[in-house]
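Undergrad: Structure of the sequence below:
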Amino acid sequence: MLRRLLRPGLGRSLLIRGLDWDGNVSEIKKKIRSLMPGEPDNLLYDTKHLPPEHSDVVIVGGGVIGLSVAFWLKTLEKRRGAIRVLVVERDQTYSRASTGLSVGGIRQQFSLPQNVQLSLFAIDFLRNINEHLAVVDAPPLDLQFNPSGYLLLASEEGAAVLESNVRMQRQEGAKICLMSPEQLRKKFPWISTEGVALASYGLENEGWFDPWSLLQGLRRKVQSMGVLFCQGEVTHFVTSSSRMRTSSGEEVNLRRICEVHVKMNNSLEYQPVECAVVINAAGAWSGQVAQLAGIGKGPPGTLQGTKLPVEPRKRFVYLWHCPQGPGLETPLVTDMSGVYFRREGLGNNYVGGCSPTEEEEPDPADLEVDHDFFQNKVWPHLAQRVPAFEGLKVRSAWAGYYDYNTFDQNGVVGPHPLVVNMYFAAGFSGHGLQHALGVGRAVAEMLLDSHFQTIDMSPFLFSRFYLNEKVLEQNII
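TA: I've put the predicted structure just below:
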């Protein structure tokens, strides 16, 4: 076929130059193009950058949560190679991805048992990371884990809630202690306890690690397991539908995604991918992906009209230097004001920031940093809590995105009740990195076995938005 498409005599010149048609196909294409100056090369179009025409599972979003879902699907599949998984990521440099722009914290100090369980699951995985993510002939991963713990401060008003949270955390197996102001001053003499009534301190399994190493380790591993990758953007879903009547007599329209359209980067073309399941792990943009599937486009107050309440929220992270600042034993400190900080390396550098109020939310259209926010909203609280920070010097700053769940600041996990083959793994509002490993397993369990096994994530199902049943996480940093 290829020979008939070539100009007369071209085949002979190829043979004369000694090109072997049974050899490397890509080299043949290069040689042909070199002999056809000015000729359109669409006849020999290279399609290796395109996604496959069929995939059992399409994961929208190639950050750490999407990669975790891919890892657990391949780990739990009944037969090796039984599930074909495609990960679609629009920016494979991850320059704007939440994973790489995170401060990398992991803690058990949450207000919900499921979040504590997810963190305990994650720390056990990270402790044995090179057993889980080993790849033949690849160097071992070094997450650079710093086990310095978290220190959460509470005022008189918040002390009872903090104490109740710690009681639950201990019941779940976390090693957390309560500290009085006197105990705080003794252990951390650099801290001012003004306004502090009680503190909780993680004794083990808390700290921070390198998010980039985890991302690259997961990506390397799932590629070795046969997961396919495509750089592009999902722009459309083709669905089929059927009607059914509920037990209450209400008629609902069930839909199933049968095809995903992936727009290739820097191109007008798109590639249709037939699939059985779509995983929405698009982070801050998961709400937009849900809308593409028609989620939330029904009458208000109905299940069809219930949106996925996840949107991008911009958060600033500042890095500063302070020669007289807290020492190597410094935990990640969270003040009652919402300001947090931790050490960064060994050179008296620190990173930190603060979530703005609803009225102060910055425009998420770009990742520009507001340096006045540090001067006006962060620094005063830092200097009040750590007097040495009065003399700090900001060295750099960056911004990243939270996939912010405006409903209750908690993740959304599992299938949509009406778009029955779209599964969610999004909306974690700042703790997605540390919970990605457990969430990925939960989604894989629900997909393969129709129920959660390791951790019961049923409170995080989509249906809670329609039922107006909030699962509030109080410890959002």
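Undergrad: The stretch of helix or strand Val413 belongs to - contacts with which helices or strands?
TA: Assigned by DSSP states H and E, Val413 falls within strand 412-415. With contacts taken as 3 or more CB pairs under 8 Å, 6 or more residues apart in numbering; DSSP states H and E, strand 412-415 sits against strand 422-426, helix 432-449. For every residue, glycine as well, the C-beta is placed using N, CA and C.
Undergrad: The first one - contacts with which helices or strands?
TA: What that stands for is strand 422-426. helix 64-76, strand 270-280, helix 286-292, strand 412-415, helix 432-449.
Undergrad: Sheet partners, orientation included, of the strand holding Val413?
TA: strand 422-426 (antiparallel) (DSSP bridges).
Undergrad: one step back: how far out from the middle of the chain is the strand holding Val413?
TA: 14 Å (CA atoms, centre = their mean, to the nearest Å).
Undergrad: quick one: contacts of that strand?
TA: 286, 308, 310, 405, 421-427, 439, 442-443, 446, 452, 457-458, 460-462 (CB atoms under 8 Å, 6 or more residues apart in numbering).
Undergrad: re the thing from before, mind checking which of the helices and strands packed on strand 422-426 is nearest Glu390?
TA: helix 432-449 (31.5 Å; CB to CB).
Undergrad: Tell me the buried residues in the closest one?
TA: Buried residues in helix 432-449, counted by 16 or more other CB atoms under 10 Å: 432-448.
Undergrad: Stretch 366-375 now?
TA: 367, 369-370, 373-374.
Undergrad: State the pLDDT value of the residue nearest the centre of the chain.
TA: What sits nearest the mean C-alpha location of the chain, by CA atoms, centre = their mean, is Ile65, with 4.3 Å. The per-residue pLDDT reported for Ile65 equals 98.
Undergrad: List the contacts of it.
TA: Contacts of Ile65 by CB under 8 Å, 6+ apart are 281, 283, 425-426, 428, 432, 436, 439-440.
Undergrad: Quick one: the helices and strands packed on strand 412-415 as CSV, columns for mean pLDDT and distance to Pro189 too.
TA: As requested, these are exported to CSV (pLDDT from 0 to 100; distance: least, CB to CB, whole Å):
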stretch, mean pLDDT, distance to Pro189
strand 422-426, 98, 42
helix 432-449, 97, 29
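Undergrad: Glu157: which of those is closest?
TA: Using CB to CB, the helices and strands packed on strand 412-415 put helix 432-449 closest to Glu157, at 27.2 Å.
Undergrad: Give the other helices and strands that the closest one contacts.
TA: Helix 432-449 packs on helix 64-76, strand 105-106, helix 113-127, strand 412-415, strand 422-426, going by 3+ CB pairs under 8 Å, 6+ apart.
Undergrad: at 6 Å what do you get?
TA: Packing partners of helix 432-449 (3 or more CB pairs under 6 Å, 6 or more residues apart in numbering; DSSP states H and E): helix 64-76, helix 113-127, strand 412-415, strand 422-426.
Undergrad: Now do that helix against helix 113-127, angle only.
TA: 100 degrees (axes from the mean of the first three to the mean of the last three CA atoms, to 10 degrees).
Undergrad: Show residues contacting the following helix or strand past helix 432-449.
TA: Later in the chain than helix 432-449, the nearest helix or strand by DSSP H and E is helix 463-467. With contact meaning CB atoms under 6 Å, 6 or more residues apart in numbering, helix 463-467 is reached by 303, 306, 407, 417.
Undergrad: wouldn't Ile477 be in contact with Phe341 here?
TA: No: the criterion here is CB atoms under 6 Å, and Ile477 misses it with Phe341 at 10.9 Å.
Undergrad: so how far is Leu392 from Arg202?
TA: Careful, residue 202 is Gly; it's not Arg. 25 Å (CB to CB, to the nearest Å).
Undergrad: Kindly report the same for Val262.
TA: Counting by CB to CB, the gap from Val262 to Leu392 is 46 Å.
Undergrad: On the pLDDT front, check the residue lying closest to Ala426 once chain neighbours are set aside for me.
TA: In space, and not counting its chain neighbours, Ala426 is closest to Ser286: 3.6 Å by CB to CB, 6 or more residues apart in numbering. Per-residue pLDDT puts Ser286 at 98.
Undergrad: Now for Ser286: which residues touch it?
TA: Contacts for Ser286 (CB under 6 Å, 6+ apart) come out as 280, 310, 426.
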